[in-house]
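J.: sharing a model that was predicted from the sequence below.
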Amino acid sequence: MYSYKKLLYLALLTALAVVLHMVEALIPTSIIVPGAKLGLSNSIILLTLVLFDSKAGFKVLLLRIIISSLLIGTFMTTSFYLSLAGGLLSFSLMALAYKYLSDKFSIVGISLLGAVAHNIGQIVTAYLVINNWGIFYYLPYLLLFALPTGVFIGLTVIHLEKYLRLNFKFTQEFN
């Protein structure tokens, strides 16, 4: 059973992830790599994984995808399924890496893994929708964009975690 404190933190993290996703939706996409995004809301998902556990991170991810798509008007559209597939694959690999390989991967490495997996999940889903192998030619460009954004998100999570643990006495009491 969740404590009220944990539920409050997860609700705040979900709201923050939704807001970041909405703000990012307002930013024009890259001209160099059309459709490429920074993935700002993914920093909150990874932060939730680090501060709590994979179960909490998974809930925040699903709620972020559903709430954001309802607010933007893309619920149950192709965009929703692309986001869901990318998010699920990305989170699954990040959660496994964090749990079993955290001695080999830093938070930045786990974030990079998530960024790459997110793009792969979206491209595979796009292929299933349009049934055209040509979509895979786009993957190297997305992956090239994923490298700096994955590093940025990882560094952001490291600093956010440090700040929260120091200033809010955020402990492992919720795990």
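T.: Nice, I can see it. Note that the coordinates shown come from a computational prediction; the quantities given were computed from them, not determined experimentally. Numbers count the residues shown, from 1 in each chain.

J.: report the mean per-residue pLDDT for the longest helix seen in the chain.
T.: Of all the segments assigned as helix in the chain under DSSP state H, the longest by residue count is helix 139-167. What helix 139-167 shows for mean pLDDT is 92.

J.: in it, what's buried?
T.: Neighbour-count burial for helix 139-167 flags 139, 141-143, 145-146, 149-150, 152-154, 156-158, 160-161 (criterion: 16 or more other CB atoms under 10 Å). C-beta coordinates here come from the backbone N, C-alpha and C atoms, glycine included.

J.: contact partners for the residue nearest the centre of the chain?
T.: Central residue of the chain (CA atoms, centre = their mean): N42, 2.6 Å from the mean position. For N42, the contact set (CB atoms under 8 Å, 6 or more residues apart in numbering) comprises 90, 111, 114-115, 118, 153.

J.: now do 10 Å
T.: With contacts defined as CB atoms under 10 Å, 6 or more residues apart in numbering, N42 is in contact with 17, 20-21, 24, 61, 64, 86-87, 90-91, 94, 111, 114-115, 118, 149-150, 153-154, 156-157.

J.: measure it to S68 for me?
T.: According to CB to CB, to the nearest Å, N42 stands 12 Å off from S68.

J.: go on, T77?
T.: Using CB to CB, we find T77 at a distance of 12 Å from S68.

J.: again with H159
T.: 24 Å.

J.: in the protein, what residue sits furthest out from the centroid?
T.: For the chain, the largest distance from the centre (CA atoms, centre = their mean) belongs to N132, which lies 26.4 Å off.

J.: so that residue touches A126, yeah?
T.: Yes - here N132 reaches A126: they are 8.8 Å apart, a contact under CB atoms under 10 Å.

J.: and the angle for the helix or strand hosting H118 with helix 139-167?
T.: With the criterion set as DSSP states H and E, the secondary-structure element containing H118 is helix 107-130. Using axes from the mean of the first three to the mean of the last three CA atoms, to 10 degrees, the direction of helix 107-130 lies 140 degrees away from that of helix 139-167.

J.: could you list every helix and strand in contact with helix 107-130?
T.: For helix 107-130, the contact count by 3 or more CB pairs under 10 Å, 6 or more residues apart in numbering; DSSP states H and E identifies helix 40-51, helix 78-100, helix 139-167 as packing neighbours.

J.: reformat those as CSV; add distance to Y9.
T.: Conversion of these to CSV gives the following (distance: least, CB to CB, whole Å):
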stretch, distance to Y9
helix 40-51, 8
helix 78-100, 18
helix 139-167, 10
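
J.: between those, which gets nearest to A11?
T.: Closest of the helices and strands packed on helix 107-130 to A11 is helix 40-51, at 11.4 Å (criterion: CB to CB).

J.: could you point out the helix or strand that follows the closest one?
T.: For helix 40-51, the succeeding helix or strand toward the C-terminus, using DSSP H and E, is helix 54-72.
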